[in-house]
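**Q** only geometry, no sequence info:
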Ligand SMILES: Nc1ncnc2c1ncn2[C@@H]1O[C@H](COP(=O)(O)OP(=O)(O)OP(=O)(O)O)[C@@H](O)[C@H]1O
Ligand SMILES: O=C(O)c1ccc[n+]([C@@H]2O[C@H](COP(=O)([O-])O)[C@@H](O)[C@H]2O)c1
């Protein structure tokens, strides 16, 4: 008697970030995850209140609109605004706990750049994060990331991409136009930044 193959567990990826703004490395990370991890869905989760970042984040509505433009066309992507709706600091353990309840049988795969993998021991209830999800790490230029002692993660194949949201904001503040921004962020995000005047330094003529 032939045995039936065990049903595949649903695989749900989670890519969280401030996305202030989303840039080409975020997009490459999402594409690599979809291509390499056999995901049924990839939740893009913009951070509500980033307790771990010193600067205030740009309005949630702008960051969500830019995520729509950066990731919305990728198959399987779910724009997940739960952290924007939640009051109080955004903790990944809360998001994963909710996703676990919504997808009880699924494997959750949490995507992290190497900097956040190295910073994991500073996260709220980080051991619970590791129990709730399989961590998948993308290397990041300039960051050697051993992760917490004894903790394991999968790694994503991704060429090193030396781009950050900090560099994008600095480029706009230094006067980069839409054409120059396209090297750093997806085309539709570059257009959105310029149309909405995001990240510009206030000029003396501004009201
Ligand atoms: N160039 C990159 N290569 C690999 N991972 C990245 C890269 N940039 C961001 N990430 C990862 O994407 C996730 C979201 O990052 P985030 O939105 O904070 O962007 P950022 O570029 O690090 O922002 P900022 O410069 O404002 O700190 C994090 O897990 C981060 O490690
Ligand atoms: O839960 C935490 O304590 C925690 C601490 C630092 C970062 N995170 C999450 O990790 C993701 C990437 O963080 P960042 O700073 O690179 O945008 C994002 O979803 C953050 O909310 C989560």
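**A** Yes, it's here. It should be emphasised that the depicted structure is a prediction, and the values quoted were computed from it without experimental measurement. Ligands and ions are numbered 1, 2, ... in the order given.
**Q** hey, let's count contacts and neighbours off CA atoms from now on
**A** Fine.
**Q** Am I right that residue 193 falls within a helix?
**A** Yes. Remark: residue 193 belongs to a helix, assigned using DSSP: H, G, I helix; E, B strand; the rest coil.
**Q** Residue 97: which element?
**A** Assigned by DSSP states H and E, residue 97 belongs to helix 92-102.
**Q** hmm, that helix touching ligand 2?
**A** Yes. Helix 92-102 lies in contact with ligand 2 when judged by CA under 6 Å from any ligand atom; the contacting residues are 92-93.
**Q** Just the residues contacting that helix, thanks.
**A** 82-83, 106, 108, 124-126, 128-129, 132-133 (CA atoms under 8 Å, 6 or more residues apart in numbering).
**Q** let's see 10 Å
**A** Taking contacts as CA atoms under 10 Å, 6 or more residues apart in numbering, the residues outside helix 92-102 that touch it are 12, 14, 16, 43, 45, 47, 82-83, 86, 103-104, 106-110, 123-133.
**Q** which among the residues you listed end up buried?
**A** Those of the contacts of helix 92-102 that meet the buried threshold are 12, 14, 16, 43, 45, 47, 83, 106-110, 126, 129-130, 132-133, by 16 or more other CA atoms under 10 Å.
**Q** Show me the subset of those that also lies near ligand 1.
**A** The subset of the buried ones among the contacts of helix 92-102 within reach of ligand 1, counting by CA under 6 Å from any ligand atom, consists of residue 16.
**Q** And the one helix or strand residue 42 maps to, what does it pack against?
**A** Using DSSP H and E, the element containing residue 42 is strand 41-46. Judged by 3 or more CA pairs under 10 Å, 6 or more residues apart in numbering; DSSP states H and E, the packing partners of strand 41-46 are strand 11-17, helix 24-36, helix 60-71, strand 77-79, helix 82-85, helix 92-102, strand 107-113.
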